[in-house]
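heads up, no residue letters with this:
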């Protein structure tokens, strides 16, 4: 039986989000987070590698789910329906966490080091998604481009969704479905003057 509460990871994450929101990311220590969660700093380090990891740990659960959706055997598939299915599934998983994700993004946006870590994470995701698309049979160069387009579109819609504090905000999955055809529209309409 563990010597720390079974829910210590969730309690630490909640405590960190509250403290980062109240005091600012740089003003909070691991000891502060552990104290707020009612555990020791040692327990914190059993759950998270460092203070930054508290904000990014859940991403480790989302990427495998996204990659599994891409890999699902559905026979030959065109890029747009596959992107709609994969990005839609990701959006569905995130939908119920609007407020915590909104608070998390505000914290990340307030700290240059956190923004850098987020960009590094996004680059790793994009590489993994590109590889998964190539495994599905897309040309590797096209897979990289599709991953970049999908990532840019998802990020744009995610940030718009997070910026809307309304309880009635258009759900993220709906935003993704509506935005996918806009990629083609933007490409068709883009001209130079």
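Structure received. Not measured: the values here are computed from a predicted model. Residues are numbered from 1 along each chain as shown.

Is residue 161 in a helix, a strand, or coil?
helix (DSSP: H, G, I helix; E, B strand; the rest coil).

which strands and helices sit next to the helix or strand encompassing residue 43?
Using DSSP states H and E, residue 43 maps to helix 41-47. Contacts defined by 3 or more C-beta pairs under 8 Å, 6 or more residues apart in numbering; DSSP states H and E place helix 41-47 against helix 8-23, helix 30-37. No exception for glycine: its C-beta is placed from N, CA and C like everyone else's.

average pLDDT for it?
On average, the pLDDT along helix 41-47 is 95.

mind listing what's buried in it?
Residues of helix 41-47 classed as buried by neighbour count (16 or more other C-beta atoms under 10 Å): 43-44, 47.

related to what we said a few turns ago, of all the helices and strands packed on helix 41-47, which one is nearest residue 107?
When these are compared by C-beta to C-beta, helix 8-23 sits nearest residue 107, at 4.6 Å.

packing partners for that closest one?
When contacts are defined as 3+ C-beta pairs under 8 Å, 6+ apart, helix 8-23 packs onto helix 30-37, helix 41-47, helix 53-56, helix 98-109.

how far out from the middle of the chain is it?
18 Å (C-alpha atoms, centre = their mean, to the nearest Å).

got a list of contacts for that helix?
5, 28, 32-34, 36-39, 43-44, 47-48, 51, 54-55, 57-58, 100, 103-104, 106-107 (C-beta atoms under 8 Å, 6 or more residues apart in numbering).

10 Å instead?
Helix 8-23 has contacts (C-beta atoms under 10 Å, 6 or more residues apart in numbering) with 2, 4-5, 7, 25-30, 32-40, 43-44, 46-48, 51-55, 57-58, 100, 103-104, 106-108, 110-111, 114.

Where does pLDDT dip in the protein?
Regions of the chain meeting the criterion pLDDT under 70 cover residues 1-6, 76, 167, 186-193.

ok, and for whichever strand or helix holds residue 142, which residues are buried?
Taking DSSP H and E as the criterion, residue 142 maps to helix 140-163. Judged by neighbour count (16+ other C-beta under 10 Å), helix 140-163 contains these buried residues: 143-144, 146-147, 149-151, 153-154, 157-158, 161-162.

Please apply the same query to stretch 20-34.
20, 25, 28, 30, 32-34.

between those residues, which is nearest residue 118?
Residue 118 has its nearest neighbour among the buried residues of stretch 20-34 in residue 25, at 12.5 Å by C-beta to C-beta.

OK, contacts around the closest one?
So residue 25 contacts 16, 19, 51-52, 55, 107-108, 110-111, 113-114 (C-beta under 10 Å, 6+ apart).

how about the helices and strands packed on helix 8-23, which one is nearest residue 130?
Of all these, helix 53-56 comes closest under C-beta to C-beta, at 20.4 Å.

Just checking the distance from that closest one to the centre of its chain.
Relative to the chain's own centre, helix 53-56 is displaced by 11 Å; criterion: C-alpha atoms, centre = their mean.

again with stretch 104-118
Its chain's average C-alpha position is 13 Å from that of stretch 104-118, according to C-alpha atoms, centre = their mean.
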